[in-house]
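> everything below, folded, please.
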Amino acid sequence: MPSRARQYGVLAIICLSTPLALGVETVLRRVMMPPDFEAVRAWLSPTLTPWAWATVPLTAVATGLGWWLLRVLKRRELNKRRPGLTESEARARAEFEALMLSTSAPQVPAVMATMLFMMGASLVPVLVAMGVAMLGVLSLGLAVGRGA
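Numbering: from 1, shown residues only. Reported below is the predicted structural model:
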């Protein structure tokens, strides 16, 4: 079973995965795309930026979905009979597995925002969506950390 320190380390990696994806995407786009692509992005920006802003509340709603998933998945994992595990080990495993799955919910809209940025949306709504997603992931991790 993962220790609390390892669990928080994994949580930090999950939390930073979306901003890292944005960074990798930006570097690859600048290296691999032709210069004309920036003109296409500028042309698409007024159309895509409102959609990027729409990912901000969507990320907040997805965080709520993540909270619901955390409870459901944890309960489902606790109902499984796992021979050879003590009750505390089974609870720790259930919490960890539920956390790994539920933290995906707030990240999906943030990844969508990253894709919109790649196509020309403004960076500001993308960063806001990522911030909301990071807070959502942290809230899920802290809930598991205090035994919710």
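
> packing partners of the helix or strand hosting Met130?
Counting by DSSP states H and E, the element that carries Met130 is helix 123-145. Applying 3 or more Cβ pairs under 8 Å, 6 or more residues apart in numbering; DSSP states H and E, we find helix 123-145 packed against helix 4-32, helix 36-79, helix 87-102, helix 104-119. For every residue, glycine as well, the C-beta is placed using N, CA and C.

> okay, buried residues for the first one please.
This points to helix 4-32. Judged by neighbour count using 16 or more other Cβ atoms under 10 Å, the buried positions of helix 4-32 are 7, 10-11, 14-15, 17-19, 21-22.

> so which helix or strand of the protein has the lowest pLDDT on average?
helix 87-102 (a mean of 86; mean pLDDT, DSSP states H and E).

> that helix - contacts with which helices or strands?
Helix 87-102 makes packing contacts with helix 4-32, helix 36-79, helix 123-145 when contacts are defined by 3+ Cβ pairs under 8 Å, 6+ apart.

> among these, which comes closest to Ala105?
Closest approach to Ala105 among the helices and strands packed on helix 87-102 (Cβ to Cβ): helix 36-79, 3.6 Å.
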